[in-house]
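**Q** just a sequence and a predicted model for now, questions to come.
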Amino acid sequence: MSSKMTNRKRNDKSTSEFPPSPSLNSDDSGSHDNDAYDPLIPYRTTNSKKRRNKKNDWTIPFDLQDLTSPSARDELITIASKRAGTTSSRSGRYIRPSWRDSFQNYIPGRNMCLFLGCIFVVVVFGGVKVISMMNRDETRDYTSGYERHEHSSLESVAGISLAEVDTWCLLEEDRDCECINPLKPMDKSNEWWNEAKDFNLGLVQNATSDLDVVLLGDSIIEQWNGRNKGAQKDNLDEIKGVFNNLFRKDHGGMIDGLALGIAGDLTSNLLYRIQNGEMPQSLNPKVWWLLIGTNDLGLLQCSEEVIFIGIIRVVEEILRRKPGSTVVINGILPRTNRKDGSLIPHPGEENDTSAYSNDTSSFDFWASILTINDSLKEFSKTHDNVYYIDSSDLFLVQLKNEKFQSEDKLLAKELMGDFVHPSVIGSRIWGNFIVEHTMSLTNNSVFDQI
């Protein structure tokens with residue numbers, strides 16, 4: 001069968017599917033070629049020579065509104081779009097559609113564009129919301145509205161999960177304390193903290209390879225360098241001198257040591273520092289000496305359980321990074337808000353806020369410190385290379401005379417001027433204590449935990 005007959009049959013079949021336009025039945029319709037009105041081939045007009053130059057110049061030769069059925073109009077448009085540029089041309093040759101026609105055939109309608117746009121907006125804003133919630137989780141207040149299952153997915157230490165913590169606040173009736181997740185490392189965004197951290201990193205980089213001990217902690221450790229909150233302090237120069245005399249062999253000390261502390265740090269802050277430069281592979285002292293937790297208690301009023309978990313998390317991080325190393329946990333030093341240095345209220349003064357130096361902190365820490373330290377001691381007994389040392393008695397005194405001795409112990413102001421940080425004399429006594437026990441450990445002698 002010839003190509004002409006094939007095209008004729010195809011055109012006849014195609015045109016039979018659609019009713020002719022009224023304009024095609026007019027008297028002057030004979031002046032046109034019938035094939036020119038096939039709605040599926042290029043439309044012949046009086047400017048046919050000009051239109052033949054286009055690769056795919058096709059159109060529907062009648063007004064769609066003349067069709068009485070909307071569904072018929074839709075079907076006509078659909079079929080015409082699909083067959084544009086196929087062999088349904090008058091010549092029987094393949095007519096390739098232009099890129100503009102192809103694009104228009106496949107571009108979605110306005111409603112579809114609006115629908116896809118709405119989906120895009122929802123996905124974007126939803127993703128931003130999820131990311132922001134993940135970021136806030138770093139500093140989230142885990143006490144407010146606490147429910148046990150909120151922490152079930154978090155890691156645990158010493159066989160204790162945060163989900164098992166009964167209360168996050170030091171005072172059970174206090175549901176608004178600022179205690180945060182102690183298992184997540186957290187930095188501080190203020191300028192002086194970054195300066196203090198950079199100073200510590202400088203000490204680490206310049207440290208000798210044969211250090212005997214590295215002290216890790218907060219302001220109590222930072223003042224060994226004569227500094228507080230990242231700045232050198234003249235009133236701490238004597239304490240720096242004490243450290244040099246005790247922990248630098250080139251200054252007459254018995255051992256070499258390094259002090260890495262930052263004022264106000266919590267257990268989670270120290271954890272961040274360890275993971276971000278303060279414990280590189282090149283730093284391998286014989287003993288890691290840890291004192292941390294007093295700010296979790298005094299600043300955030302965290303419960304004993306939460307503080308214990310935070311300290312043990314730091315210990316486990318040290319052992320993970322330095323397997324086989326020796327870790328000493330120094331028990332939290334005694335502290336008090338009472339003006340006379342007493343650790344517990346005197347009889348009849350339980351509700352006397354005037355006995356405290358700070359009305360906003362009119363409660364006692366000593367019972368909580370004893371609880372935390374007892375837990376740390378028990379932990380060390382079941383873990384190799386982990387030792388607990390309690391140095392509280394170095395700073396406590398008892399009132400007595402020849403006839404009487406008080407059972408209550410007081411913080412000596414001469415040894416701890418603000419009842420939180422050791423004084424020059426207190427630093428010398430405590431420093432000698434650290435040197436003595438470090439030498440015992442490094443000489444492999446029998447070490448009895450105190």
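**A** Yep, it's here.

**Q** can you pull the contacts of Gly252?
**A** Neighbouring residues of Gly252 by Cβ atoms under 8 Å, 6 or more residues apart in numbering: Asn245. (C-beta placed from N, C-alpha, C; glycine too.)

**Q** one more time with 10 Å
**A** By Cβ atoms under 10 Å, 6 or more residues apart in numbering, the residues touching Gly252 are 244-246.

**Q** need the contact list for the closest residue to Ser406 other than its chain neighbours.
**A** Nearest residue to Ser406 in three dimensions, chain neighbours excluded: Leu399, at 4.2 Å (Cβ to Cβ, 6 or more residues apart in numbering). Neighbouring residues of Leu399 by Cβ under 10 Å, 6+ apart: 405-410.

**Q** just checking, which of these belong to strands?
**A** Cross-referencing the contacts of Leu399 against strands under DSSP state E gives 405-410.

**Q** and those, which two are the farthest apart?
**A** Taking Cβ to Cβ as the measure, those span a maximum distance of 12.7 Å, between Gln405 and Leu410.

**Q** so for the two, which residue has more residues nearby?
**A** Per other Cβ atoms under 10 Å, whichever of Gln405 and Leu410 has more neighbours is Leu410, with 20 against 9.

**Q** let me see the ranges of the strands in the stretch 351-450 of the chain.
**A** With strands called from DSSP state E, counting those that start in this stretch, the stretch 351-450 of the chain shows them at 386-389, 396-400, 405-411.

**Q** for those strands, give me CSV that also has distance to Ser440 and mean pLDDT.
**A** Formatted as CSV, the strands of the stretch 351-450 of the chain follow (distance: least, Cβ to Cβ, whole Å; pLDDT from 0 to 100):
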stretch, distance to Ser440, mean pLDDT
strand 386-389, 10, 97
strand 396-400, 23, 85
strand 405-411, 26, 83
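
**Q** deepest of the ones you listed, which one?
**A** Of all those, strand 386-389 has the most neighbours on average by mean count of other Cβ atoms under 10 Å, namely a mean of 21.

**Q** can you list the strands that that strand pairs with?
**A** strand 326-330 (parallel) (DSSP bridges).

**Q** Glu304 contacts Ile369, doesn't it?
**A** Yes: the pair Glu304 / Ile369 is scored as a contact, 8.7 Å apart, by Cβ atoms under 10 Å.

**Q** overlap in contacts, the two.
**A** Contacts common to Glu304 and Ile369, judged by Cβ under 10 Å, 6+ apart, are 293, 297.

**Q** quick one: low-confidence parts of the protein?
**A** 1-112, 128-156, 158-159, 175, 347-362, 444-450 (pLDDT under 70).

**Q** could you pull out the helices for it?
**A** Ranges of helices in the chain, per DSSP state H, are 3-15, 48-51, 70-83, 99-106, 110-136, 191-205, 219-222, 237-247, 267-273, 294-298, 304-321, 366-381, 424-442.

**Q** re earlier: which of the contacts of Gly252 has the most neighbours?
**A** Neighbour counts for the contacts of Gly252, by other Cβ under 10 Å, peak at Leu246, which reaches 21 neighbours.

**Q** once you drop chain neighbours, what's closest to that residue?
**A** The shortest distance from Leu246 to any non-neighbouring residue, by Cβ to Cβ, 6+ apart, is to Gly431 (4.5 Å).

**Q** surely the one you found is in contact with Gln223?
**A** No: using Cβ under 10 Å, Gly431 is not in contact with Gln223; the gap is 11.5 Å.

**Q** who does the nearest residue to Glu316 once chain neighbours are set aside bridge with?
**A** Leaving aside its chain neighbours, Glu316 sits nearest to Val157 (5.8 Å; criterion: Cβ to Cβ, 6+ apart). Counting by DSSP bridges, Val157 forms beta bridges with Ile160.

**Q** Val157 contacts Glu164, doesn't it?
**A** No: contact criterion Cβ under 10 Å: Val157 and Glu164 do not qualify, at 11.3 Å.

**Q** more crowded one of those two?
**A** Val157 (20 against 13).

**Q** what residues are up against the more buried one?
**A** Taking Cβ under 10 Å, 6+ apart, we find Val157 in contact with 182-183, 308-317, 379.

**Q** ok, so of the residues you listed, who is nearest Gly331?
**A** Ile311 (9.9 Å).

**Q** reformat the contacts of Gly252 as CSV; add distance to Leu291.
**A** CSV is the format used below for those (distance: Cβ to Cβ, whole Å):
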residue, distance to Leu291
Asn244, 19
Asn245, 20
Leu246, 16
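
**Q** I'd like to know which of these is nearest to Arg321.
**A** Checking these against Arg321 by Cβ to Cβ gives Leu246 as the nearest, at 26.4 Å.

**Q** any idea how far Ser380 is from that closest one?
**A** Leu246 sits 24 Å away from Ser380, going by Cβ to Cβ, to the nearest Å.

**Q** endpoint to endpoint, stretch 294-308 covers what distance?
**A** End-to-end distance for stretch 294-308, by Cα to Cα, to the nearest Å: 11 Å.
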